[in-house]
Structure formats: C-alpha cells, structure tokens
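1. I would like the atomic coordinates for the input below:
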Amino acid sequence: MSGIVRFEVGRFDYELVGEFKFFKTPVRPSIVVRLTDENGVQGWGQSVPVETWTYETVETVETTLRVGDSWRCEQKQVKLSWTIQSPTLAGAEIQLALARTRGYDSFNIKLGYPRTPDYDLQLVRAVCNFAPNGFHWADANTNYDVETALAMAPKLADAGLEGLESPLPPNLIRGYQSLKRQGALPILMDEGIVSPVEVAEFIALEMFDGIAMKVARCGGLWNASRIVTLLRENNLLMLASGLTDPDLSLAASVHLFAWAGLNTPAALNGPQYISAGGHDRPDLPCQWRRHPCPGGTGAWHNAR
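-> Numbers count the residues shown, from 1 in each chain. This next block holds a predicted model:
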C-alpha cells in the first residue's frame, strides 16, 4: 500500500436553485478532502454538514480536519492487557505464562457464570499474585445479582483489582447505585453503553464510576468520542476495551484511545485471539465475496 504524501482540505459551495428552508444561505456548503499518495494517485472525499441536520457546521468540520492533519506526524502508543478466562486455575496459569512470554503484565479477567463467586475470587487472587505490579480489572459480563456483587466487590478489591466492569445487567439501576455508593471498587459499565444518550442518563442517575469503552458497541468513533467527552466533563474513569476486533476495527479503537490520552492498558484482545489476516467465506453469496476491483486487487466491493 502506498503512503499518503499530501492531505488537502477545502471549502466548496454549490449554488441553490430556489429556496429550501434548511439552508440559511443561498448555497449548499461542503468540505472537500483530497489525498495524494506517493505514486501520484488521488482520492477524494466530501463532507456535507448542515447544522439543522448533522449538528455540525462546515466551520467545525474544516477546523477539525485541519487540526487532525497537523497530528499525523505525532505517534502515540496504547499499551494492551491480556484477557484471562479459564474454567480452571491450572488453565489460567498457562494463559498467564503465555502472556508473560509475549510481554504482557496487565490483565482483564472474565468472571461469572458458569463459575462460582468463590472460584472468581481465587482466579483474581491468582492473577494479582502473578503480576503484582500490573493493572488488573475484572469483567463479570452482567452475570452477578445485586447481593452477590455487593458481597464480592470488597473481596475483589482486597485481592488487588482496580475495577469491576459490568457486574449487573444495565437495567438494575438501583443495584448500580448501591455498588457506587458502597465504594469498594470503581464500578464500570459496558453493556448498555450504546450512545451518549444512555451515558448522560446513567451519569445523572449516579450509576457508575466510569466506562469500559468499546468503539464497536456504541456505533463508531463519533459516538465514542462524544462519550469520552462526557466522561471528562464529569471527572469519570475511562478504561479501554473492544469486541475482539480484527485489524481495521482495532486500528479505529487505538486511534480513539490514543486521542483520549488513555493511561491504562487497553483490553483490545484481537491480537490475542485472531490470527493475522482474514480470508474469504466460501459459503457467502458470491456478490459478497472478495473480487478484484478495477484498478486494484483484493478490495471488498459488491460484485453484483
């Protein structure tokens, strides 16, 4: 793949024929982007914001693109954590040893059904004893009831955990409020975080101390960035997670968390579970398989 050598942003307006109530001026504004690669090949993109429809103006789009262009030379790193999930402590020890050989020292631990709370506590102690200087948090994937979560939180904190993610289903509002008031551990939400609307409501209800952010769960980078802003404005925590993302989705998550200034290891476990590269699905309808595109190879497109 050729590298991008030039990034250009410009304002381009189109004259309107007649009047349309959504436009405040006699033109339809847009922002045009032109990318040029090292072989001279150019690609174009266009943004068509209208504040009455998109909640953006051409000015905010243009300034964001120009500021974004000034960051490209800057490189940031996002440290990853390793996911531990095992029905036996012996299996967990094997996973921990493998993680160490790959340079990991921080872990996110899967708790809850079909394991018992007693086993969960043993597993957390094993992880924290294995890497006492790492950053570790647990994800119960909504598997606890309120009574169990309230009993477990102080014990998990004593074992060395830094946070408890999704201990309850998101509709148990009073349960989350009780856990937050208890204060034994930072309480993080994941399931139920699908847009800034829910986040604002949950913040107002004082249900959590932070969010384990997943870009893919909340509709992409735009919603995710708005949620990050809400967390900042309310002095709440942001931990980073994902949905076992493959390469392109993983890259989007890394960009968000680098922009957000993440300072804890991210539970982006795509590299842990996915082999390098993807492959075609022979059982898919042919129009959705990979086909050579005119002027290129290996690109995905609708071949219908």
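2. list the contacts of the closest residue to residue 113 other than its chain neighbours.
-> Beyond its immediate neighbours in the sequence, the residue positioned closest to residue 113 (CB to CB, 6 or more residues apart in numbering) is residue 143, lying 4.6 Å away. Backbone N, C-alpha and C define where each C-beta goes, glycine included. Taking CB atoms under 8 Å, 6 or more residues apart in numbering, we find residue 143 in contact with 111-113, 167.
3. in a helix, residue 143, correct?
-> No. Going by DSSP: H, G, I helix; E, B strand; the rest coil, the assignment for residue 143 is coil, not a helix.
4. who wins on neighbours among the contacts of residue 143?
-> Neighbour tally across these (other CB atoms under 10 Å): the maximum, 30 neighbours, falls on residue 167.
5. and the pLDDT for the nearest residue to that residue once chain neighbours are set aside?
-> Nearest in space to residue 167, with sequence neighbours left out and distances taken as CB to CB, 6+ apart, is residue 149 at 4.1 Å. Predicted confidence (pLDDT) at residue 149: the value is 98.
6. in the stretch 151-300 of the chain, where is pLDDT below threshold?
-> When residues are selected by pLDDT under 70, those of the stretch 151-300 of the chain lie in 276-300.
7. all strands of the stretch 201-304 of the chain, in order?
-> Remark: strands of the stretch 201-304 of the chain, listed N- to C-terminal, are 210-213, 237-240; assignment by DSSP state E, counting those that start in this stretch.
8. pick the most buried one from these.
-> Each of the strands of the stretch 201-304 of the chain was scored by mean neighbour count; the highest is strand 210-213, a mean of 24, by mean count of other CB atoms under 10 Å.
9. how's the protein carved up into domains?
-> Under automatic domain parsing, the residue ranges defining each domain of the chain are 4-62, 82-273.
10. got those as a markdown table, with distance to residue 75 columns?
-> Rendered in a markdown table, the data for the domains of the chain read as follows (distance: least, CB to CB, whole Å):
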| stretch | distance to residue 75 |
| --- | --- |
| domain 4-62 | 15 |
| domain 82-273 | 9 |
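11. which one of those domains lies closest to residue 72?
-> Residue 72 lies closest, by CB to CB, to one member of the domains of the chain: domain 4-62, at 7.3 Å.
12. still on that earlier bit, please work out which of the domains of the chain is packed deepest.
-> For the domains of the chain, ranked by mean neighbour count under the definition mean count of other CB under 10 Å, the leader is domain 82-273 at a mean of 18.
13. measure the residue nearest to residue 113 to residue 169 for me?
-> Distance, residue 143 to residue 169, by CB to CB, to the nearest Å: 9 Å.
14. check residue 134 too.
-> Separation of residue 134 from residue 169 (CB to CB): 29 Å.
15. residue 250 too?
-> 28 Å.
16. related to what we said a few turns ago, I figured the residue nearest to residue 167 hits residue 180, correct?
-> No. If you go by CB atoms under 8 Å, residue 149 and residue 180 don't touch, sitting 11.2 Å apart.
17. and residue 179, what element?
-> Secondary-structure element containing residue 179, defined by DSSP states H and E: helix 173-182.
18. restrict stretch 106-124 to CA atoms and write it as CSV.
-> The C-alpha trace of stretch 106-124 is given here as CSV (Å, rounded to 0.1, in the frame of the first residue of the first chain):
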residue,chain,number,x,y,z
SER,A,106,-1.6,-6.4,32.9
PHE,A,107,-4.8,-8.5,32.7
ASN,A,108,-8.5,-8.2,32.4
ILE,A,109,-10.3,-11.2,34.0
LYS,A,110,-13.6,-12.7,33.0
LEU,A,111,-15.8,-13.6,35.9
GLY,A,112,-19.3,-15.0,36.5
TYR,A,113,-21.4,-17.9,35.2
PRO,A,114,-20.7,-20.8,34.8
ARG,A,115,-18.0,-20.3,37.5
THR,A,116,-18.9,-19.6,41.2
PRO,A,117,-18.1,-16.5,43.1
ASP,A,118,-15.6,-18.5,45.2
TYR,A,119,-13.8,-19.6,42.0
ASP,A,120,-13.9,-16.0,40.7
LEU,A,121,-12.1,-14.8,43.8
GLN,A,122,-9.5,-17.5,43.6
LEU,A,123,-8.9,-16.6,39.9
VAL,A,124,-8.5,-12.9,40.7
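19. look up the closest residue to residue 44, ignoring the ones flanking it.
-> Nearest one to residue 44, counting by CB to CB, 6+ apart, is residue 34 at 5.6 Å.
20. so that neighbour belongs to a strand, correct?
-> Yes. When three-state DSSP is applied, residue 34 is found to be in a strand.
21. so it bridges to which residues?
-> Each beta-bridge partner of residue 34 is listed here: residue 8, residue 44, as defined by DSSP bridges.
22. report the contact partners of it.
-> When contacts are counted by CB under 8 Å, 6+ apart, residue 34 is found next to 6-8, 10, 42-44.
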